[in-house]
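Q: Build the 3D model from these lines:
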Amino acid sequence: MDFTNILGFTAASLTTFAFLPQVIQVWRSRSTKDISLPMLVTFIAGITLWLIYGLLVNAAPIYIANGITLILNLAILRFKLKYG
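A: Numbering: from 1, shown residues only. Model prediction:
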């Protein structure tokens, strides 16, 4: 693996797993009152487009990170819709 891919996977890991504490907090507290629904929906749309882009250009750091980020944020959206 070359330096560019190492850099990409490192950046992708940091930004992707930054959402994990939020998912855990929402899951434990069942509270999403301070999370903006329009921001979350817009962010999910952006993540989806990044995922598609990553697949189209065959950039593993992009599509792997955004696939995981999409799953984490869909979990937050599910909690937001369920618990308000």
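Q: Identify the residues contacting the spatially most central residue of the chain.
A: Geometric centre of the chain, nearest residue: residue 69, 2.0 Å, by CA atoms, centre = their mean. Taking CB atoms under 8 Å, 6 or more residues apart in numbering, we find residue 69 in contact with 15, 16, 19, 47. C-beta here means a position set from N, CA and C on the backbone, and glycine is covered the same way.
Q: got the contact list for the last one?
A: In this case it means residue 47. Residues in contact with residue 47, defined by CB under 8 Å, 6+ apart, are 66, 69, 70, 73.
Q: Looking at the residues you listed, which are in strands?
A: If you go by DSSP state E, these have nothing in strands.
Q: Report the buried members of the contacts of residue 69.
A: For the contacts of residue 69, a burial check counting by 16 or more other CB atoms under 10 Å picks out 16, 19, 47.
Q: Which of the helices or strands spans the first one?
A: When elements are defined using DSSP states H and E, residue 16 is found to belong to helix 3-17.
Q: which residues of this structure fall in helices?
A: 3-17, 20-29, 37-56, 60-83 (DSSP state H).
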